[in-house]
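# here's my sequence, what's the structure:
(one chain, ligands or ions: 1)
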Amino acid sequence: MADFQKDQSGRYITTGLSPRQFDRVFDAIHQDRQKRRRRKARQLTPAVLKNKSLDEILKLGKKQVGTFFTKDDLKGFEQNRKTVRKQFTGTQPGITHAQLVAHSRSIDVKRANNKVDDGSGISNAAFKGIRQNIALIDVTASQRSVHNNHRVEIRFEEWDQAMDDAAGNNVAAQQRLVKNMVKGRVSVNCDCGRYQYWYRYIATAGNFTIAPPKEFVYPKLKNPQLEGVACKHIIHALTRMQGAGWQSRVLMTLRKNAQGEHYGDDPKKTTEYFSDEEIKRLNRNRKSQIDQRAARAEFDRYQSRLDALAGKLKAVDKQQLATTRKQLIKARTVTQREQARREAAQKKLSQARAERDALKQQLADTLKMQKQVFIDAQVMAGKTPEEARRAYADHVKNKLGK
Ligand SMILES: [Zn+2]
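Numbering: from 1, shown residues only. Okay, the predicted model is just below:
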């Protein structure tokens, strides 16, 4: 990796870089941070959260109010995580723009709108490139920040679907398509401390962070109640993406990729860094302010559509279940009836066999008796037993011969 310049306090200088260098320097920042994290200790990991052993809890140190963490604190944290998972994890990854704005802390929205007067507001962002399905946005850090820039990444989770549909010639339809895609499910990332210490844990639980990195260490000090979802940089960047200018650039890439013969995720072919001129042109088109109230209303509508759909699915399931149950009962009755019929037939058959065997035996006994009577009579009449038996054999032969 190329060496990037650092300032006196050891921070990378991120201004005045080409989009490619800009992207790389933030990869380097991530690498450094990952190294530091490997050495860290005393974190509220999922294991500590689950087991709640007193030793481990004491090792976590003190809360901001100066007292040690307790088992009850950890129980509350577990509950918060469950709530977040329930709130954000659907079957698919990502969060919609309306959902992101609606669930953000209002202070983050105010800062993203530059509606604060303490120097923490955001006023500039530049769309610098697209890495496969991830938009790269350079957000100028606030006045009071120690940083120059932040890299916000936005991954469009409905990209593949959109690429399928982007191949046609109907421009209006394609514009609608991109508009819906950038408004739809996205995953996000920002290198700032706010996202790292407040929100990445929530975004990991809710499956809308771009990973790596995933965050499983509970933000026990910074955001114990798990409030909000994204930093001002992400809110600002994703809102700017709702403007027609940036969307037209996304559409260009979609159309280009739809025509490409390379793999759809070939990094060499699907990474584009924009020229300075293009970045300037894209910056002319500025989306207006973020309206959190409108976003909340839109999210509520979206949620109620989802709920209605879930309700319908449930009703269908219920009906299906009832039908299946009925069919099962019917099948069971048929089986029982058939079984009874077979058992009765079997019984009848056995009876008939027994009767037949009895008759056979009776016949054999009668014949035996007749034979004896015949032979005895012949012997009494003066024949030898041998002669009598022969006479009987002749008698039987004659009888059969008739
Ligand atoms: Zn940020």
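# could you list the buried residues of stretch 123-141?
Residues 125-141 are the ones in stretch 123-141 that count as buried (16 or more other Cβ atoms under 10 Å). Every residue, glycine included, has its C-beta placed from N, CA and C.
# got it, and stretch 188-204?
188-192, 194-196, 198-204.
# so which of the residues you listed are in strands?
Counting by DSSP state E, those place 188-190 in strands.
# now distance to residue 25 and pLDDT too, for those, in JSON lines please.
As requested, these are exported to JSON lines (distance: Cβ to Cβ, whole Å; pLDDT from 0 to 100):
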{"residue": "188", "distance to residue 25": "19", "pLDDT": "98"}
{"residue": "189", "distance to residue 25": "15", "pLDDT": "98"}
{"residue": "190", "distance to residue 25": "15", "pLDDT": "98"}
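# please enumerate the helices of the stretch 151-300 of the chain.
For the stretch 151-300 of the chain, the helices defined by DSSP state H, counting those that start in this stretch occupy 159-165, 171-183, 193-194, 200-205, 232-240, 244-259, 267-270, 276-284, 292-380.
# give me the buried positions along the first one.
Think helix 159-165. Result for helix 159-165 [16+ other Cβ under 10 Å]: buried residues 159, 162-163, 165.
# out of those, who's nearest the ion?
Sorting the buried residues of helix 159-165 by distance to the ion puts residue 159 at the head of the list, at 22.5 Å, by Cβ to the ion.
# ok, now which ones touch residue 359?
Contact partners of residue 359, counting by Cβ atoms under 8 Å, 6 or more residues apart in numbering, are absent.
# and if you look at residue 174?
By Cβ under 8 Å, 6+ apart, the contact list for residue 174 reads 165-166, 168, 251, 254-255.
# now restrict these to buried residues only.
Looks like these have 165-166, 251, 254-255 buried, using 16+ other Cβ under 10 Å.
# give me the subset of those touching the ion.
Among those, no residue lies close to the ion (Cβ under 5 Å from the ion).
# need the residues you listed in TSV (columns: distance to residue 65).
Output for the buried ones among the contacts of residue 174, formatted as TSV (distance: Cβ to Cβ, whole Å):
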residue	distance to residue 65
165	54
166	54
251	51
254	51
255	56
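# around the ion, which positions in this protein sit nearby?
Counting by Cβ under 5 Å from the ion, the chain sits next to the ion at 190, 192, 195, 231, 233.
# quick one: which two of these are the most distant?
The largest separation in the residues of the chain next to the ion, counting by Cβ to Cβ, is between 195 and 233 at 7.5 Å.
# next, count neighbours for the closest residue to the ion within the stretch 1-150 of the chain.
For the stretch 1-150 of the chain and the ion, the shortest gap (Cβ to the ion) falls at residue 150, measuring 5.1 Å. If you count neighbours by other Cβ atoms under 10 Å, residue 150 ends up with 29.
# how about it, secondary structure?
Secondary structure assignment for residue 150 (DSSP: H, G, I helix; E, B strand; the rest coil): strand.
# what residues are bridge-paired with it?
Note on residue 150: beta-bridge partners by DSSP bridges are residue 139.
# how close does it get to residue 189?
10 Å (Cβ to Cβ, to the nearest Å).
# residue 259 too?
Separation of residue 259 from residue 189 (Cβ to Cβ): 29 Å.
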